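Colleague: here's my sequence, what's the structure:
(2 chains)
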There are 2 protein chains.
Amino acid sequence: MTKQRIAVDMDEVIADSIARFQEWYLRDYQLELTLDQLQGKSAYQAVALEHQPIIRDYVNQEGFFRDLPVIKDSQQVLRALSERYELFIATAAMEFPNCFRDKYDWLQQHFPFIPWSNYVFCGDKSILNADYLIDDNAFNFERFRGEGILFNAPHNIHETGYRRVHSWQEVGELLL
Amino acid sequence: MTKQRIAVDMDEVIADSIARFQEWYLRDYQLELTLDQLQGKSAYQAVALEHQPIIRDYVNQEGFFRDLPVIKDSQQVLRALSERYELFIATAAMEFPNCFRDKYDWLQQHFPFIPWSNYVFCGDKSILNADYLIDDNAFNFERFRGEGILFNAPHNIHETGYRRVHSWQEVGELLL
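Modeller: This is a model prediction of the structure:
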């Protein structure tokens, strides 16, 4: 039987990009960016108006995606999933062309059991032919042909249209 | 009605990578690499045994994919197709992580009517959710869910399993 296929987003799903926003915001403004502030908002929307242009541009800066912390339990659960499913990593990298190499290297380092043949750097995720898409952005599910699974993140707490998981343990319970 | 979707490969389909092999082989060995030599073969298979390791590594070199000539009529026909179909560019860029930026910039320069949201840098093209895939490598069609259209190239002349087109004019006749 053909294995079912799972596509998995990177930022805020397996890579902790919020940690980088917090780190750089502290560095540039000596201010904490708390998870409370981030509820229902993008990082740039959570800061003072005069800081927004700078925060918004962080993702385009050299090194933003380098050495991001790995989201808790994602390695262990994805390794288990890789035995039962075909796994693809699908990230909207086209928005940030400076990040290609950082994202590629990060995946090689932290998820060596997923071959590079299964990386997808794209823009519009409706191009993915997969059964499941685990992503923190619900708009990626709108034209997706499979089932969207919303990975809980501060910015998406008001989204109600899709099945939500709060952790990789919960993904494991759902799909293993 | 939803538009049908066409995914289009880059090398030897819209980007003339053979021209770069010829240029660099001439530069390094003062020898011509002719289309006759390339019939049924990859570029590295077409050269003397002692040159093969060097030729095989060209694609990993900085600049290989930069400023490649555009394949004849591809701009004009893709522009016409973009009005009737959803177009995606799908290239096996993961094999050559040094080429990401060159490929991105090349597309922006030569195909400005295709938005970056519709670029896909991938490995295994069975991840594409499209109705047609225009590609010079028949192995990409094996698990592809839509219809593969083989774009004629010297290396694929012995392939018989798929519909073959010899030019972008012929693609236009088929799909417009």
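Colleague: what helix or strand does residue A:148 sit in?
Modeller: strand A:147-151 (DSSP states H and E).
Colleague: what lies in contact with that strand?
Modeller: Residues lying outside strand A:147-151 but in contact with it, judged by CB atoms under 8 Å, 6 or more residues apart in numbering or on different chains, are A:9, A:12-13, A:131-136, A:138, A:140-141, A:156, A:159, A:162-165, A:171, A:174. Any C-beta I mention is one placed from the backbone N, CA and C, and that applies to glycine too.
Colleague: same check, this time on stretch A:160-170
Modeller: Residues from elsewhere that reach stretch A:160-170, judged by CB under 8 Å, 6+ apart: A:71-74, A:76-78, A:134, A:138, A:141, A:147-152, A:171, A:174.
Colleague: and what of stretch A:19-35?
Modeller: Under CB under 8 Å, 6+ apart, the answer for stretch A:19-35 is A:18, A:43, A:46-47, A:51, A:54-55, A:58, A:64-65, A:68-69, A:154.
Colleague: which among the contacts of stretch A:160-170 end up buried?
Modeller: A:71, A:74, A:77-78, A:134, A:138, A:141, A:148-151, A:171 (16 or more other CB atoms under 10 Å in any protein chain shown).
Colleague: next helix or strand past the helix ranked longest in chain A?
Modeller: Of all the segments assigned as helix in chain A under DSSP state H, the longest by residue count is helix A:17-29. Downstream of helix A:17-29, the next assigned helix or strand under DSSP H and E is helix A:52-57.
Colleague: which strands and helices sit next to that next one?
Modeller: helix A:17-29 (3 or more CB pairs under 8 Å, 6 or more residues apart in numbering or on different chains; DSSP states H and E).
Colleague: buried stuff in the helix it packs on?
Modeller: Going by 16+ other CB under 10 Å, helix A:17-29 has these buried residues: A:17-18, A:20-22, A:24-25.
Colleague: of the residues you listed, just say which sits nearest to chain B.
Modeller: residue A:17 (19.2 Å; CB to the nearest CB).
Colleague: quick check: phi and psi on the nearest residue to that closest one once chain neighbours are set aside?
Modeller: Counting by CB to CB, 6 or more residues apart in numbering or on different chains, residue A:11 is the residue found nearest to residue A:17 once chain neighbours are left out, at 4.3 Å. Per-residue torsions, residue A:11: phi -70, psi 130 (degrees, to the nearest 10).
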